[in-house]
Structures are given as structure tokens and as C-alpha cells.
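*Asks:* Test case, fold it:
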Amino acid sequence: MSTVDDTPVVLLGSGLTALGVMRCFGRRGIEVYSAAEGLSHVRQSRWFRRAPAPHDAPDPRTALARYLERLPFERAVLVPTADSWVRRVAHLNADIGARFPSTVSPLSVLARLMDKQGLLHSLNAAKIPHPRTHRVTTRADLERLPESAFQGAFLKPTDSESFLNRYGVKALHVRTRADACQRLVDLQDRVTHLLLQEYIPGSPSNHYFIDGFIDRTGKTIARFARQRLRMFPADFGNSTYMRSVALTEVADAVESLDRLLAHVQYRGIFSAEFKLDDRDGLFKVLEVNVRPWWYVEFAARCGVDVCYLAYQDALGSPTAPIATYRVGKRLLYPYNDYFGYRALRRRRELSLGGWLRSWIGSAQPVFRWNDPMPAVGEFWRFLVTRFRARRPYRGPERRRSPRPDPD
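*Replies:* Below is the predicted model:
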């Protein structure tokens, strides 16, 4: 067990990512206070504490600096767990930032990775392999492209979080120019910037993630690699079953990501998704997250606790590089993986026995023996969902399958 530090953490965000971050700090004895609403998994954790803001404190989503000023902490480390919170933290001025330090990069750097158009420019400038991508703002942009550009392509927003919150999906498939034009008409009143991107064929196991942390000196002091084994939804979903892999297995992806992050001068926690393109053997960047991700606690359990590194770095404490971690460890998210299993079973690609065997020896992101209540709450929600699915139709029902979220 690491030495307990007296400086608390103010957690900005909710859901599975926030739960993982809370557990990373909780097991080290570091107090974590949650400042976000809609806490779901988080408020059921044994380590949950609501931030002691006074009644008349402003909403942190609209006035974060004023909210923080009202908190009774002499000093606390900020850990944002969603893109919108990362942007808010990056906007804080130097005075409040000294009292509430974080490892968030400047806005100018974040824009080159968070915004998909900015990421595209950065990938091109650093000569990093990535899917063929075109910016789309008007029908004329689509008309200029050859018909071949629409084959096996999809439209995605430059701002993933707001699009996901509005539509419940990450991207939309298109098949022809006419299809893309119609999608553009449907979305244009609400989405101003889109990208038309090539869909790289291949199974979920062609997806790899490189996670890690870059300290205040610009040195990458931790890396962690994992391979997706199953996902849901099938095309634009999240990992539901994965395993940790050696960095040597994805050496080309590591080298590409190092060049990209050095090019934009990034600092902080990162998680990048790659897909191995069987057509040319290249690992191609699909996305780069500049915050903790859904399965950040899995990395910590394998030996790479980027949350604690970010905490130490924010406080100016020395950080020890992490050179090794446990390879071959598996993680399965039963709730989401259940829906993925059903789809695979219908296609006769996975049997019930094969699915249940994958549970053996796998860690889970919600259930923990020393923190069981988040899993109890999720299981209850699962039973309610199944009950509603069996009721006779009486009008529009709530979504029956899990909503995707940035991985």
C-alpha cells in the first residue's frame, strides 16, 4: 500500500469512468469528493463522498471556478473524467489552478486531440497512419468526393461527446453519396462539423488501446496496452471483453502515439485506440482520449495506476516510471457483454458455454468484493430492463440495450 497523502481529490464526472478513478484513489487511502450530478455507479461506492459545497454554491458545470472557491479545501487535486470537464478545468485561471492543481494540458493542446478535425490535422502533420478522412460541412464537400469515398464509410462528429449525448450513437454508416447527403440534411441543423471516414474492416480483436501518462517534464512514465476481444454495439461500440497485452505486441502503435503526443506537446493521462488494418498491416489511430477511460481501474489492477501518477504530478511530487505490468489479464463487463453475446449467438459465432467460460478468471469493472454495491445497483437495473422488455407493448419504451459511451 502506498503512503497516504493528505491532499484530497475532487472528482469531476460520473458513471463507470468516475467509479474506476474513485476506486484507484480509495484503495490508496486518498479521500475523493464527487462534484458532479447524475452519479449512478459512483454514489453507491463505499468510497463515495459528495463534495461539501454550500447550498448556494453555483452549478460546477456552468461556473466551475466559483464553485471551487466555495469548497472548504486548502488544496485539492482536480480529476476530470469526461471531455466537457477536461475543457472546464483547462479554462481555470492561474489563481484557482494553484489551489486546485491538475494534469490537464492547455486548451490549445487539447484542441489538437479532442476535436476530431484538430486530431486529423495533427495526424497528418506528424505523418501517423489513420483511416482516410474528409471534412464535411456542406453538400458541396460531398459532391467533390469520388463515389469510391463512400464505400464502407461513415459520418462522425468532430465533437463526440455532445453527439453521443444527443443521438446515443458515436457515428452513422453511409453507403452512397446520396445516403451521405441525406444524413447531412438530417443532422445539419444540430451538428455543424462532420467527418466522412473510411471504415477499416476486421474483427473486434483488431482493436488495440495504448493508455498511459506523460508527466510535467514531457516524459512518458507509464504505458499500458490492451486488446479488445468483444464489443457492443458491433461497429461503433465499446469493449466488453479484453485482455492486457505486451507493449512489444503493438510496438508500431506505441511509436506512432509517442510521435503524435510529442508533436502536440501533450501532458497528462491518455488513451488511444488503434485498429490493425489487415489490408496493409498498419496500426491506424481511430481516437485519442485526454482523460481517464472506462477501464482505467483495470490498468491499475494490472500495475499501471495512471490516476495516482496524475495525482503525484499535479502536486509536484516525484513520480516513479512504470516499466512492467501483468500481461494476459482479462476483463469482462457482464452487463454490456450480455448484449454482445446475444448478437454473436444469433450469428452462431458464440455459444452460451463459450460465453460463460470467458467469465472464468476475468476481472469485472463494476463488481468488486470490497465494493459490491455498484454491482448490486447495476444488476437491479438489468432486471428492471429485462422485465420491461417482456411487458406487452404500450407505447414507446426506454432503450433496452446499454448506451454507448467513450471508451
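*Asks:* Can I take it that Ile269 is in a strand?
*Replies:* Yes: assessed by DSSP: H, G, I helix; E, B strand; the rest coil, Ile269 belongs to a strand.
*Asks:* What count of nearby residues applies to Gln151?
*Replies:* 12 (other CB atoms under 10 Å). Where C-beta positions appear, they are placed from N, C-alpha and C, glycine not excepted.
*Asks:* Okay, domains of this protein per the record?
*Replies:* Domain ranges of the chain: 9-104, 132-198, per automatic domain parsing.
*Asks:* Now do the last one, average pLDDT.
*Replies:* The one in question is domain 132-198. Averaging pLDDT along domain 132-198 gives 82.
*Asks:* Gln227 sits in which helix or strand?
*Replies:* Using DSSP states H and E, the element containing Gln227 is strand 220-232.
*Asks:* one step back: now for the domains of the chain, which one comes closest to Arg267?
*Replies:* Across the domains of the chain, Arg267 has its closest neighbour in domain 9-104 (6.3 Å, CB to CB).
*Asks:* Which strands and helices lie in contact with the top helix by length along the chain?
*Replies:* In the chain, taking DSSP state H as the definition, the longest helix is helix 373-390. Helix 373-390 is packed against helix 334-346, with contacts defined by 3 or more CB pairs under 8 Å, 6 or more residues apart in numbering; DSSP states H and E.
*Asks:* residues in contact with Gly202?
*Replies:* Applying CB atoms under 8 Å, 6 or more residues apart in numbering to Gly202 gives the contacts Lys275, Leu276, Asp277, Asp278.
*Asks:* hey, what's the third one bridged with?
*Replies:* Read that as Asp277. Under DSSP bridges, the beta-bridge partners of Asp277 are Leu282.
*Asks:* doesn't Lys284 make contact with it?
*Replies:* Yes: if you go by CB atoms under 8 Å, Asp277 and Lys284 touch, sitting 5.5 Å apart.
*Asks:* quick one: common contacting residues for these two?
*Replies:* Taking CB under 8 Å, 6+ apart as the contact rule, Asp277 and Lys284 both touch Pro129, Ile200.
*Asks:* neighbour-wise, which of the two wins?
*Replies:* Taking neighbours as other CB under 10 Å, Asp277 and Lys284 compare with Lys284 leading, 21 against 17.
*Asks:* Check for me that the more buried one belongs to a helix.
*Replies:* No: counting by three-state DSSP, Lys284 is not part of a helix but strand.
*Asks:* and it, what is it in contact with?
*Replies:* Taking CB under 8 Å, 6+ apart as the test, what Lys284 contacts is Pro129, His130, Pro131, Ile200, Phe274, Lys275, Leu276, Asp277.
*Asks:* Roughly how far does it sit from Ala299?
*Replies:* 22 Å (CB to CB, to the nearest Å).
*Asks:* re the thing from before, list the pairing partners of the helix or strand that the strand holding Gln227 is followed by within its sheet, with orientation.
*Replies:* Next along the chain after strand 220-232, taking DSSP H and E as the criterion, comes strand 238-245. Within its sheet, strand 238-245 is paired with strand 220-232 (antiparallel), strand 330-332 (antiparallel), according to DSSP bridges.
*Asks:* Can you tell me what sits against the last one?
*Replies:* Outside of strand 330-332, the residues that reach it under the criterion CB under 8 Å, 6+ apart are 229, 240-244, 295, 298, 358-359, 361-365.
*Asks:* Would you show me how to pick out the buried ones of those residues in PyMOL?
*Replies:* Restricted to buried positions by 16 or more other CB atoms under 10 Å, the PyMOL selection for these reads:
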select buried, resi 229+240+241+242+243+244+295+298+358+362+363+365
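*Asks:* Would you map the strands across the stretch 1-150 of the chain?
*Replies:* Secondary structure of the stretch 1-150 of the chain, counting by DSSP state E, counting those that start in this stretch: strands at 9-12, 32-34, 77-80, 133-136.
*Asks:* Please compute how far the shortest one lies from its chain's middle.
*Replies:* In terms of CA atoms, centre = their mean, to the nearest Å, the centre of strand 32-34 is found 20 Å from the chain centre.
*Asks:* now what about it, what contacts it?
*Replies:* Outside strand 32-34, the residues that touch it by CB under 8 Å, 6+ apart are 8-11, 14, 18, 21-22, 25-26, 42-43, 47-52, 76.
*Asks:* Those, buried ones only, as a ChimeraX selection?
*Replies:* Here is the ChimeraX command that selects the buried residues among those (16+ other CB under 10 Å):
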select :8,9,10,11,14,18,21,22,25,26,42,43,47,48,51,76
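*Asks:* Give me the subset of the contacts of strand 32-34 lying in helices.
*Replies:* Ala18, Val21, Met22, Phe25, Gly26.
*Asks:* Just name the most buried of the domains of the chain.
*Replies:* Counting by mean count of other CB atoms under 10 Å, domain 9-104 has the highest mean neighbour count of the domains of the chain, with a mean of 19.
*Asks:* First-to-last residue distance for that domain?
*Replies:* Using CA to CA, to the nearest Å, the end-to-end distance of domain 9-104 comes to 14 Å.
*Asks:* can you give me the mean pLDDT across that domain?
*Replies:* 92.
*Asks:* so how far is that domain from its chain's centroid?
*Replies:* Using CA atoms, centre = their mean, the mean C-alpha position of domain 9-104 is found 17 Å from that of the whole chain.
*Asks:* same deal with stretch 239-259?
*Replies:* 16 Å.
*Asks:* Show me which residues of it are buried.
*Replies:* For stretch 239-259, a neighbour-count test (16+ other CB under 10 Å) marks 239-245, 247, 250, 253-254, 256-257 as buried.
*Asks:* which one among the residues you listed gets closest to Pro106?
*Replies:* Nearest to Pro106, judged by CB to CB, of the buried residues of stretch 239-259 is Leu257 at 19.7 Å.
*Asks:* Quick check, pLDDT for that closest one.
*Replies:* pLDDT, Leu257: 98.
*Asks:* before we move on, what SS does it have?
*Replies:* helix.
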